[in-house]
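**Student:** My questions are about this predicted structure, shown below with the sequence.
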Amino acid sequence: MLNSKNRLAAAGSAFTLVVTAVGISVLGGGAADAVITGQTATGITYPLVRNSVASSQVVNYSLGESDLEKAFVAKMLAVGANGVDTSAKLKDGVVAEVDLAPAVQSKLNKAGPTYLKHWGTVHRNVIGAADTELATTSTQSPLGDGALNLHTASAADKVAFGNEVDFAGGNVKDLGTVGFSVYTTGENNALGNNMPSIIFEIDPNVTAVASNYSSLVYAPANGTANQWTTFNATTDAVKHWGLTGTAFNGTACSINGARCTWTEMLAYLSDGGDDAKLLTATVSKGRDYAFSGAVDALKFGGKTYNFEAAGVTVS
């Protein structure tokens, strides 16, 4: 059949190829037609011209990928937008970052918060049934979603949370604005002046006092019950700052005496000798009353420390 067709084409003759599902017949070639009967044939005239073969003239399953234009194959194989409607149709490991929408890529590549090292419970300052916990809160905290929870079960208990590493050697006079926000309750307030404290352990370097250690304590008045109250310890006009230790008893800023404002405390520590030096920075509760409340947005040294369930961040 192929040889006959080639000879006819070479001679410039037009001929008709009759195709059936089971046989082939050449018509008009001058020779006897080879016909296998059994199904209706469809005539095709050679030489073929563009768009001259209809779908009815193509035997089922006879076309392969190589018979199709490459661009048509690529189009047929392409998956349109939203073409895969379930993850079950995706083969494991086939989706790369470049396959994701730009908004999704941006979320994946967004840097998470950086949590600080060396913040935690100061275990040497824990007494009795007391604890601290970084956790989410049942209220809207001043910063983020979390806060530092503080619990003391009785007047005999004490707890502290802070950093014993990163602030050592700094100058007390460089602390700048000091403050925090506190959540307290009516039950706490009913017991007396019952609030957490900001405490800096320091080497006071006061010439007239033979001591190289004291706790510099800010203990504010009670906050408003059942809500967050913000305290600025440097502008607080009431004498809420004091120095611990028997060596400071009877001095102007003793925790057991009249105490001082922040301005008065800085003046007392600046007595012409060496600068008072920081050792640690903490938030503490006890020993005075049972307490259950929280602290957030601790400020000092020109920075604000945010207490979250996953850790402490700074801004």
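**Tutor:** Alright, I've got the coordinates.

**Student:** Checking the residue most central in space within the chain next. Helix, strand or coil?
**Tutor:** Closest to where the C-alpha atoms of the chain average out (Cα atoms, centre = their mean) is residue 112, at 3.8 Å. In three-state terms, and counting by DSSP: H, G, I helix; E, B strand; the rest coil, residue 112 is coil.

**Student:** Contacts only, for it.
**Tutor:** Contacts for residue 112 (Cβ atoms under 8 Å, 6 or more residues apart in numbering) come out as none. (Each C-beta comes from the backbone N, C-alpha and C, glycine too.)

**Student:** for the stretch 151-300 of the chain, what spans make up the helices?
**Tutor:** 186-190, 262-269 (DSSP state H, counting those that start in this stretch).

**Student:** so residue 280 makes contact with residue 200?
**Tutor:** Yes - taking Cβ atoms under 8 Å as the definition, residue 280 is a contact partner of residue 200 at 7.0 Å.

**Student:** How much space separates residue 279 from residue 265?
**Tutor:** Distance of residue 279 to residue 265, given as Cβ to Cβ, to the nearest Å: 16 Å.

**Student:** So for these two, which sits in the more crowded spot?
**Tutor:** Just comparing residue 279 and residue 265: by other Cβ atoms under 10 Å the higher neighbour count belongs to residue 265, 24 against 18.

**Student:** quick one, what contacts the more buried one?
**Tutor:** 216, 241, 243, 253.

**Student:** most neighbours, which of those residues?
**Tutor:** residue 243 (29 neighbours).

**Student:** Excluding sequence neighbours, find me the nearest residue to it.
**Tutor:** Once flanking residues are discounted, residue 243 sits nearest to residue 214: 4.7 Å by Cβ to Cβ, 6 or more residues apart in numbering.

**Student:** The one you found: neighbour count?
**Tutor:** Residues near residue 214, counting by other Cβ under 10 Å: 25.

**Student:** ok, it to residue 167 distance?
**Tutor:** On the measure of Cβ to Cβ, residue 214 and residue 167 end up 16 Å apart.

**Student:** Then residue 75?
**Tutor:** Residue 75 is 66 Å from residue 167, by Cβ to Cβ.

**Student:** between those two, which one's more packed in?
**Tutor:** With neighbours defined as other Cβ under 10 Å, residue 75 and residue 167 compare such that residue 167 has more, 19 against 9.

**Student:** gap between that one and residue 147?
**Tutor:** The gap separating residue 167 from residue 147 is 21 Å, by Cβ to Cβ.

**Student:** what do you get for residue 274?
**Tutor:** According to Cβ to Cβ, residue 274 stands 37 Å off from residue 147.

**Student:** what's the closest non-adjacent residue to residue 235?
**Tutor:** residue 262 (7.6 Å).

**Student:** Now do the contacts for that neighbour.
**Tutor:** 178, 218, 233, 234, 235, 236, 241.

**Student:** Could you identify the buried members of the residues you listed?
**Tutor:** Burial by neighbour count, 16 or more other Cβ atoms under 10 Å: within these this picks out 178, 218, 233, 234, 236, 241.

**Student:** Please render those as JSON lines that adds distance to residue 188 and pLDDT to the earlier fields.
**Tutor:** JSON lines is the format used below for the buried ones among the contacts of residue 262 (distance: Cβ to Cβ, whole Å; pLDDT from 0 to 100):
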{"residue": "178", "distance to residue 188": "22", "pLDDT": "98"}
{"residue": "218", "distance to residue 188": "18", "pLDDT": "98"}
{"residue": "233", "distance to residue 188": "19", "pLDDT": "98"}
{"residue": "234", "distance to residue 188": "24", "pLDDT": "98"}
{"residue": "236", "distance to residue 188": "19", "pLDDT": "98"}
{"residue": "241", "distance to residue 188": "21", "pLDDT": "98"}
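
**Student:** Just give me the closest of those residues to residue 192.
**Tutor:** Comparing the buried ones among the contacts of residue 262 against residue 192 with Cβ to Cβ picks out residue 218 as the nearest, at 17.4 Å.

**Student:** Would you mind listing the residues in contact with that closest one?
**Tutor:** Residue 218 neighbours (Cβ under 8 Å, 6+ apart): 178, 197, 198, 199, 233, 236, 240, 241, 262.

**Student:** Could you measure from it over to residue 130?
**Tutor:** Where residue 130 is concerned, residue 218 sits at a distance of 19 Å (Cβ to Cβ).
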